[in-house]
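coords please:
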Amino acid sequence: MKTPKIDTEFLLSTLKEMISIPSPTGYTDQIVRYTCRSLEKMGIGFEMTRRGAIRANLKGRQANPGRAIVAHLDTLGAMTKSLKDNGRLQIVPIGTWSSRFAEGARVTIFCDDGVKRGSILPLKSSGHTYNKEIDTLPISWDTVEVRVDSPVFNKATLQSAGYKIGDFIAIDPVFEIIDDKYISSRHLDNKAGVATLLAAAKYLSDSKADLPLDCHLLFTISEEVGSGASAVLHGDVSEMVSIDNSTVAPGQNSTEAGVTVCMKDSTGPFDYHLTHKLLGLCESNGIQHERDVFRWYRCDAASAIEAGNDIRTALVCFGCDSSHGYERTHIESLEALAKLVALYCQSEPTASRDKDELSTTLKGFTTQTEI
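A predicted model of the protein is given here:
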């Protein structure tokens, strides 16, 4: 296999376009349409579940055992919990994130009669009014509210203006590319992962790469709330690689300069053989990479296993500083990850025996280092 040539311009333009499309979990129709149109432009066929999870199909020399690469389209967000007597909105988070990173955000509220704008603010947001109390207010979703940009002053005028309990709220991303290298934005988790997967798919399609196995590109719509890949897998898939963000922070070994291969997250170790295969592809192709272990982390792989799928899983990541906050990554990390994904798609099966769901013999069974 030759080292893949990734179209970085396509990757960045795709990321920028995807970031501009709001997609909190539960409000993903528009981003699903965008992704399907992108696949159609590349001549890649796809199937969709009822709610919009996507399974794209790259044909290989053999269909079984098939492999899958998965990335999620949904992002963090919020929802209106109640209409307050002061003319503001009480909100709850969609997904797991801290209200610390919500304070000061500009937002779009999706009402039944159209979109409206507002800001998430602490209950005590004016130093001129509350003095030092603004610094002692607890960090909690109970201590923030949305100030809507409408002439409303109480619950009745909120209702008249069209605001309702259950309205979805999307958080502005504030996307920025610095010196053509660093990318700073909310929602890089996991739109950077999706853009990377699409860039790898573009390379495979444009180069008419020879794939040993059918390769299914999965795009899920509910990873941030835990169900992720539970409903989009078919029984012909025997190994699945999740693409998501790493956790660049003190005490971690993740990198913004290359690929991070996760050995274990909060749900347990990833498959030994598939993970070491990916590490081997990095090493033999000069892809900068690190290993890491994530303690408070869950990805699409967990939902696939919990749904009863007997598959090998692994997790490969782009570097992400301040995940679920004000996120940042680097173009070199996205390029390295796209190369790894393209190489993986062209590699032989991790274990040819995996084509059989059950076996009555040890023939072909994998081995690990023995004592």
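
Map the structural domains onto the sequence of this protein.
8-75+187-355, 77-171 (automatic domain parsing).

possible to save the ones you listed as a markdown table with mean neighbour count, distance to M1 and mean pLDDT?
Just so you know, the C-beta spots here come from the backbone N, C-alpha and C atoms, and that holds for glycine as well. Supplementary listing: the domains of the chain in a markdown table, determined by neighbours: other CB atoms under 10 Å; distance: least, CB to CB, whole Å; pLDDT from 0 to 100:
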| stretch | mean neighbour count | distance to M1 | mean pLDDT |
| --- | --- | --- | --- |
| domain 8-75+187-355 | 20 | 5 | 95 |
| domain 77-171 | 16 | 37 | 97 |
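
Mind checking the ones you listed for the one nearest to I178?
Proximity to I178 (CB to CB) singles out domain 8-75+187-355 among those, at 8.8 Å.

gap between that closest one and the chain center?
Computed by CA atoms, centre = their mean, to the nearest Å, the separation of domain 8-75+187-355 from the middle of its chain amounts to 8 Å.

now the domains of the chain in JSON lines, with distance to G364?
Converted to JSON lines, those look like this (distance: least, CB to CB, whole Å):
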{"stretch": "domain 8-75+187-355", "distance to G364": "4"}
{"stretch": "domain 77-171", "distance to G364": "41"}
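
So the most centrally placed residue in the chain: helix, strand or coil?
When CA atoms, centre = their mean is applied to the chain, the residue found nearest the centroid is N190 (2.5 Å). For N190, the assignment made with DSSP: H, G, I helix; E, B strand; the rest coil gives helix.

would you list every one of the strands in the stretch 201-350 of the chain?
Along the stretch 201-350 of the chain, the segments classed as strands by DSSP state E, counting those that start in this stretch run 213-220, 237-245, 259-265, 268-269, 289-293, 312-318, 327-330.

Could you export the ones you listed to CSV, including columns for distance to L198?
Conversion of those to CSV gives the following (distance: least, CB to CB, whole Å):
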stretch, distance to L198
strand 213-220, 8
strand 237-245, 11
strand 259-265, 17
strand 268-269, 29
strand 289-293, 21
strand 312-318, 13
strand 327-330, 16
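
Quick check: which of those strands is nearest to K124?
Nearest to K124, of all these, is strand 327-330, at 27.5 Å by CB to CB.

Quick one: list the elements packing against the closest one.
strand 182-185, helix 188-206 (3 or more CB pairs under 8 Å, 6 or more residues apart in numbering; DSSP states H and E).

Of all the domains of the chain, which one comes closest to T369?
Smallest distance to T369 across these (CB to CB): 9.6 Å, for domain 8-75+187-355.

Compute the first-to-last residue distance for that closest one.
Start and end residues of domain 8-75+187-355 are separated by 35 Å (CA to CA, to the nearest Å).

Now do V241 against T14, distance only.
Relative to T14, V241 is positioned 20 Å away (CB to CB, to the nearest Å).

same thing with S205?
In this structure, S205 and T14 are separated by 14 Å, where distance is defined by CB to CB.

Also A249?
Between A249 and T14 the distance, using CB to CB, works out to 27 Å.

And for Q90?
Remark: distance between Q90 and T14 (CB to CB) = 36 Å.

One more: S126?
Per CB to CB, S126 is found 41 Å from T14.

the strands in the stretch 1-150 of the chain, which residues?
With DSSP E, counting those that start in this stretch as the criterion, the stretch 1-150 of the chain has strands spanning 45-48, 54-58, 62-72, 77-83, 89-94, 106-111, 114-122, 144-148.

of all those strands, which lies closest to A231?
The closest approach between A231 and any of the strands of the stretch 1-150 of the chain, judged by CB to CB, belongs to strand 54-58 at 10.3 Å.

which other helices and strands contact the closest one?
In terms of contacts (3+ CB pairs under 8 Å, 6+ apart), strand 54-58 is packed against helix 29-41, strand 45-48, helix 188-206, strand 213-220.

C-alpha coordinates for stretch 132-144, PDB please?
Output for stretch 132-144, consisting of C-alpha atoms alone and laid out as PDB, is shown next (Å, rounded to 0.1, in the frame of the first residue of the first chain):
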ATOM      1  CA  LYS A 132     -18.700  40.200  43.800                       C
ATOM      2  CA  GLU A 133     -21.800  37.800  43.800                       C
ATOM      3  CA  ILE A 134     -21.100  37.200  40.100                       C
ATOM      4  CA  ASP A 135     -17.900  35.300  41.200                       C
ATOM      5  CA  THR A 136     -19.500  33.200  43.900                       C
ATOM      6  CA  LEU A 137     -22.500  31.900  41.900                       C
ATOM      7  CA  PRO A 138     -22.200  28.100  41.700                       C
ATOM      8  CA  ILE A 139     -21.400  26.400  38.400                       C
ATOM      9  CA  SER A 140     -24.600  24.600  37.500                       C
ATOM     10  CA  TRP A 141     -27.200  24.300  34.800                       C
ATOM     11  CA  ASP A 142     -29.600  25.500  37.500                       C
ATOM     12  CA  THR A 143     -27.700  28.800  37.700                       C
ATOM     13  CA  VAL A 144     -27.700  29.700  34.000                       C
END
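
any idea how far that stretch is from the chain center?
For stretch 132-144, the gap between its own C-alpha mean and the chain's C-alpha mean amounts to 30 Å (CA atoms, centre = their mean).

Identify all contacting residues around that stretch.
Stretch 132-144 is contacted by residues 91-93, 98-100, 102-103, 120-127 when judged by CB atoms under 8 Å, 6 or more residues apart in numbering.

measure stretch 166-185 end to end?
When the termini of stretch 166-185 are compared using CA to CA, they are 26 Å apart.
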